[in-house]
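Engineer: predicted model, plus sequence, below.
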Amino acid sequence: MQLNKVYAVKTVDRVAAELGETDDRLHDLAISMEPEDGIIWVYGTADVEVLAFTPFGVENLLEMIAIERDRQT
């Protein structure tokens, strides 16, 4: 039996604050990500949904930001 090893996720606003990025920029980067890349949607009450990232998802975001910066130089 396979067990899910994700023990925590961080919301997009938390990751943006930690990385010094904006929520909008991370949303733009996350458009191309799939669940296996470490992105999930968390659904709350009143149909509120929040983009969240697993630790692996944050690593992928960091790589995407680095690639984007390299392209700009």
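Structural biologist: Noted; the coordinates are in hand. Numbers count the residues shown, from 1 in each chain.

Engineer: quick one, strands of the chain?
Structural biologist: 10-11, 39-43, 49-53 (DSSP state E).

Engineer: closest one to residue 65 among those?
Structural biologist: Residue 65 lies closest, by Cβ to Cβ, to one member of these: strand 49-53, at 12.7 Å. Any C-beta I mention is one placed from the backbone N, CA and C, and that applies to glycine too.

Engineer: out of the strands of the chain, flag the one nearest residue 26.
Structural biologist: strand 49-53 (7.7 Å).

Engineer: pairing partners for the closest one, with directions?
Structural biologist: In its sheet, strand 49-53 lies beside strand 10-11 (antiparallel), strand 39-43 (antiparallel), with partners assigned from DSSP bridges.

Engineer: what helices or strands is the longest helix belonging to the chain leaning on?
Structural biologist: In terms of residue count, the longest helix belonging to the chain (DSSP state H) is helix 55-72. On a contact count with 3 or more Cβ pairs under 8 Å, 6 or more residues apart in numbering; DSSP states H and E, helix 55-72 meets helix 12-19, helix 23-30.

Engineer: any low-confidence regions in the chain?
Structural biologist: 1-4 (pLDDT under 70).

Engineer: show me the residue at the heart of it, geometrically.
Structural biologist: Nearest residue to the geometric centre of the chain (Cα atoms, centre = their mean): residue 53, 3.8 Å.
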